[in-house]
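Undergrad: Make a model of this:
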Amino acid sequence: MMRMPVLVLALLLPWSAFAEEDRDRQEINRYVLTEATLSKYASAVEKLRPLASQVASCEESEGVESIHDMVTRMDRNPAIKGAIQSAGLTTREYVVFSLGVFQAGMAAWALDQPGGTLPPGFQKKNVDFYNAHKAAIEAIQPLDESACDELAEEEEPVEE
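TA: This is a model prediction of the structure:
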């Protein structure tokens, strides 16, 4: 008797969202980090710096559930899209590279732990790339976190 409501609910779920999440994970897992892209990414971040308040709308970041969502939101702003393209990247590659670096950093950390192993689907060559370029990667200051922190500080009411 309980199977029918579960089946109906299952049929109503947005299966495309699950499929998109899986496609995103697979795309990030397949992506190969390179020096050429790191250089372009660093250039894009610098070109985006004057646009930081436009890139990192904290309220708009909520509800972003896929690579496609991130790319669509960034591409809505011609200045942001142009800054990324002028560095030699598409917006999608900018986003996927960002996520790939984050994933490689997490995997590098996991491997450094006692008994650590490479998480399933992660590429060892990306972890090796991350470790070899860690200083350069860490030197690239992110845009979004500081912009959101600054906005939060500005919005906090002053106690009297």
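
Undergrad: Quick one: residues contacting the residue lying closest to K47 once chain neighbours are set aside.
TA: Setting aside the residues directly before and after it, K47 is nearest to A83 in space (C-beta to C-beta, 6 or more residues apart in numbering), at 4.0 Å. For the C-beta atoms, the positions are set from N, CA and C on the backbone; glycine is no exception. By C-beta atoms under 8 Å, 6 or more residues apart in numbering, the contact set of A83 is A44, K47, L48, L51.

Undergrad: helix or strand for A83, which one?
TA: helix 78-86 (DSSP states H and E).

Undergrad: Only the buried residues of that helix, if you could.
TA: Neighbour counts over helix 78-86 (16 or more other C-beta atoms under 10 Å) mark I80, K81, A83, I84 as buried.

Undergrad: what does stretch 119-127 give?
TA: By neighbour count with 16+ other C-beta under 10 Å, stretch 119-127 contains the buried residues F122, Q123, N126, V127.

Undergrad: Does the first one belong to a helix, a strand or coil?
TA: Just to be clear, that refers to F122. coil (DSSP: H, G, I helix; E, B strand; the rest coil).

Undergrad: Following element in sequence after the longest helix seen in the chain, please.
TA: In terms of residue count, the longest helix belonging to the chain (DSSP state H) is helix 91-112. Downstream of helix 91-112, the first helix or strand assigned by DSSP H and E is helix 124-132.

Undergrad: which residues are contacting whichever helix or strand comes after that following helix?
TA: Downstream of helix 124-132, the first helix or strand assigned by DSSP H and E is helix 134-139. The contact list for helix 134-139, computed with C-beta under 8 Å, 6+ apart, reads L38, A42, V101, G105, A108, Y130.

Undergrad: so what's the third one up against?
TA: Just to be clear, that refers to V101. L33, Y41, Y130, I137.

Undergrad: Neighbours of the third one, how many?
TA: In this case it means Y130. Residues lying near Y130 (other C-beta atoms under 10 Å) number 22.

Undergrad: Over to the first one?
TA: Other residues within reach of L33 by the criterion other C-beta under 10 Å amount to 22.

Undergrad: phi, psi of it?
TA: phi -70, psi 140 (degrees, to the nearest 10).

Undergrad: That one: what's it in contact with?
TA: F97, G100, V101, A104, K125, N126, F129, Y130.

Undergrad: where in the chain is pLDDT low?
TA: Across the chain, the ranges flagged by pLDDT under 70 are 1-20, 54-64, 142-160.
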